[in-house]
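Visitor: What would the 3D arrangement of this be:
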Amino acid sequence: MRQDEFIQKGHVVLATHVDEQFQGGWDELAAFCHIHHISPPRHLAELVSWLHQPIETWEGFENLALQSDLSGRLLSYGTPSEQCMALSREMHFASDPERELQDLPFKEILSYCKKHFAGDQHFADQYREARLFLVTHPYLPNGTITITSNPWWDSEIRKWLRQCYEPLPTACLQQIDGQPKCALCPRCNWPLEWPSKKARIARCYSDLCARLDAKIHYPTEWLEPSLDALRTTRGIQASVVAPEVPLIDLKQRIEREFGLECELWPAVDHFDLLIPLSEYMRFALDMKDHFNARHLAQTAISFPSTPGWNRAFYIFPEHRRQPGYLRTFLALWRQPPKTRVFFVNDFLQHLREYMREGGESNA
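Guide: Now for the predicted structure:
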């Protein structure tokens with residue numbers, strides 16, 4: 001992660017001068033291989049090849065990967081994968097300083113709205129609309145004018161919203177028909193980066209987008225950005241914007257199929273979705289898009305009691321439907337009363353059955 005960050009900032013890194021932590025990890029890997037009579041990566045190119053393969057497929061590592069709950073590759077198209085990012089945060093005392101700093105503007109919005117909420121719906125509305133604005137505007141083609149020209153925002157909210165954005169990096173620009181243009185990720189709408197001028201490989205905030213939509217490398221729509229164009233910072237995109245993509249999709253599917261009017265983020269930092277099924281029955285949903293089911297189970301707590309609900313559900317996006325994910329979560333989770341967990345499609349089926357039978361006993 002450190003070496004990749006160095007490269008992102010435009011510094012040339014010689015293959016013979018790798019980051020000392022990277023070299024230390026390589027040394028430990030080689031030692032482990034020798035102890036277990038496995039042929040280790042002999043040179044950097046071979047190591048890079050290993051890192052592009054799922055850990056559980058490395059020769060001699062099958063049982064270790066299973067015991068350590070490790071899976072997936074560490075590099076994707078030459079850049080750190082979602083697995084690599086997750087391990088980096090866990091192994092460095094669960095901290096990611098750069099992302100923490102980039103997250104700060106939205107945390108300030110949350111803190112401001114919490115402080116002044118005290119039953120005042122205006123601040124709940126400010127929080128919800130600020131969050132929705134970021135989710136629906138990861139790219140601002142004309143800069144912050146969309147924010148500054150709206151008198152509805154509190155001045156404090158407006159200030160922190162502006163700081164959730166950064167100037168469009170030059171890595172996002174490609175020469176198309178002689179003009180500098182950019183393209184948005186087909187999944188999360190973040191302006192894509194193009195790390196290499198030779199290979200047309202796109203990079204989003206995480207390799208997750210490329211895994212879920214192979215069209216990411218072949219944009220069909222190119223935009224001509226202005227000099228004022230902005231995008232959300234990587235930290236805001238990773239923590240605030242992209243995880244809500246499956247939530248917004250679920251909300252739209254529920255409203256389209258069942259004709260129910262769902263309420264997004266009904267209170268300040270409580271849960272994600274409130275579904276009024278009848279005068280007496282309301283479902284509360286919280287979408288959890290986490291790579292590590294073990295860590296998620298340790299942090300998933302009881303739902304706040306307000307706004308009022310009858311049944312609560314933790315919902316996992318379909319792209320987290322991996323062997324053992326739900327089993328691991330349920331084995332470690334301290335299940336609160338009236339709370340269940342589903343993947344998105346399973347929850348929709350549960351909702352269909354509930355609506356068809358029309359009774360609370362099936363909730």
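Visitor: list the contacts for His319?
Guide: By Cβ atoms under 8 Å, 6 or more residues apart in numbering, the contact list for His319 reads 208, 211-212, 246. Where you see a C-beta, it was placed from the backbone N, CA and C, and this is true even at glycine.
Visitor: at 10 Å what do you get?
Guide: 187, 208, 211-212, 246, 289, 343-344 (Cβ atoms under 10 Å, 6 or more residues apart in numbering).
Visitor: Equivalent analysis for Pro336, please.
Guide: Contact analysis of Pro336 by Cβ under 10 Å, 6+ apart lists 300-303, 312, 314.
Visitor: coming back round to it: just the buried ones from the contacts of His319, in PyMOL syntax?
Guide: Listed next is the PyMOL selection for buried residues among these, using 16 or more other Cβ atoms under 10 Å:
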select buried, resi 187+208+211+246+289+343+344
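Visitor: Could you give the number of residues near Ile177?
Guide: Check again: residue 177 is Asp, not Ile. Using other Cβ atoms under 10 Å, Asp177 is surrounded by 6 other residues.
Visitor: what sits up against the helix ranked longest in the chain?
Guide: Of all the segments of type helix in the chain, defined by DSSP state H, the longest one is helix 97-117. Residues from elsewhere that reach helix 97-117 (Cβ under 10 Å, 6+ apart): 1, 5, 85, 89, 96, 120, 122-128, 130-131, 134, 154, 156-157, 159-166, 232-241, 267-269.
Visitor: same check, this time on stretch 167-180
Guide: Outside stretch 167-180, the residues within contact range by Cβ under 10 Å, 6+ apart are 8, 10, 139-141, 143, 181-184, 190-197, 200, 202-203, 219, 222-231, 234.
Visitor: now do 7 Å
Guide: For stretch 167-180, the surrounding residues in contact (Cβ atoms under 7 Å, 6 or more residues apart in numbering) are 181-182, 191-195, 222, 224-225, 229-231.
Visitor: ditto for stretch 249-256
Guide: For stretch 249-256, contacts defined as Cβ under 7 Å, 6+ apart pick out 260-262, 264, 273, 275, 315, 344, 348.
Visitor: looking at it, Leu273 is touching Leu260, isn't it?
Guide: No: using Cβ atoms under 7 Å, Leu273 is not in contact with Leu260; the gap is 10.4 Å.
Visitor: Looking only at neighbour counts, state which of the two leads.
Guide: The neighbour comparison of Leu273 against Leu260 (other Cβ under 10 Å) goes to Leu273, with 21 against 15.
Visitor: Residues in a beta bridge with the more buried one, which ones?
Guide: Following DSSP bridges, Leu273 is listed with bridge partners Leu264, Leu285.
Visitor: For it, give me its contacts.
Guide: So Leu273 contacts 247, 251, 262, 264, 285 (Cβ under 7 Å, 6+ apart).
Visitor: of those residues, buried ones?
Guide: Neighbour counting by 16+ other Cβ under 10 Å classes 247, 251, 262, 264, 285 among these as buried.
Visitor: Can you add pLDDT and distance to Ser111 and give these back as TSV?
Guide: Output for the buried ones among the contacts of Leu273, formatted as TSV (pLDDT from 0 to 100; distance: Cβ to Cβ, whole Å):
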residue	pLDDT	distance to Ser111
Leu247	97	22
Lys251	97	26
Cys262	95	26
Leu264	95	20
Leu285	97	24
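Visitor: Under the pLDDT cut-off, which ranges of the stretch 1-150 of the chain? List them.
Guide: The stretch 1-150 of the chain contains residues with pLDDT under 70 at 6-16, 65-69, 89-102, 118-119.
Visitor: and with 90 instead?
Guide: Within the stretch 1-150 of the chain, the stretches with pLDDT under 90 are 1-46, 48, 54-104, 114-124, 146, 149-150.
Visitor: Break down it into its helices, ranges please.
Guide: 2-8, 20-35, 44-51, 62-67, 82-91, 97-117, 121-136, 145-148 (DSSP state H, counting those that start in this stretch).
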